[in-house]
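**Student:** here is my input; please provide its structure:
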Amino acid sequence: MSNMQKTLNTRRHHELVRLLIKHRESAGLTQADLAERLGEYQSFVARLESGQRRVDVVEFLYFSQVLGFDPVAALRHLNSISD
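**Tutor:** Residues are numbered from 1 along each chain as shown. Coordinates of the predicted model:
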């Protein structure tokens, strides 16, 4: 039995979603624009931004490259949040 909790709907997950939306909007991109740059459908971004989907580490790195933010700084910020 694992002690690791589910990650959807945690404070950290909500903050990750907020951070990704903020960086997308700062880059002047719509969900469709971001999806196109990621090689995904707009619904992929919509599910993520609505909190219905997790982001794995590799996807997070793609997001940081496309949106132009420092992934290490973002992870430090997320790590500082307790659930």
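**Student:** so where do the helices sit in the chain?
**Tutor:** 11-26, 31-38, 42-49, 57-67, 71-79 (DSSP state H).
**Student:** and these as CSV, adding mean neighbour count and mean pLDDT?
**Tutor:** All C-beta spots, glycine's among them, are computed from the backbone N, C-alpha and C. Listed next are the helices of the chain as CSV, based on neighbours: other Cβ atoms under 10 Å; pLDDT from 0 to 100:
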stretch, mean neighbour count, mean pLDDT
helix 11-26, 16, 96
helix 31-38, 17, 96
helix 42-49, 16, 97
helix 57-67, 15, 95
helix 71-79, 13, 97
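**Student:** against V72, how distant is the residue lying closest to F63 once chain neighbours are set aside?
**Tutor:** Leaving out its chain neighbours, the residue that sits closest to F63 by Cβ to Cβ, 6 or more residues apart in numbering is L20, at 5.9 Å. Distance of L20 to V72, computed by Cβ to Cβ, to the nearest Å: 16 Å.
**Student:** before we move on, what about R54?
**Tutor:** 20 Å.
**Student:** with A32 instead?
**Tutor:** 28 Å.
**Student:** again, but for L61
**Tutor:** 10 Å.
**Student:** for the residue nearest to F63, give me its contacts.
**Tutor:** Contacts for L20 (Cβ atoms under 8 Å, 6 or more residues apart in numbering) come out as L48, E49, V55, F63, L67.
**Student:** what about S50, neighbour count?
**Tutor:** By other Cβ atoms under 10 Å, the residues close to S50 number 9.
**Student:** renumber starting at 46 from here on
**Tutor:** Okay, using 46 as the starting number, the last item reads as S95.
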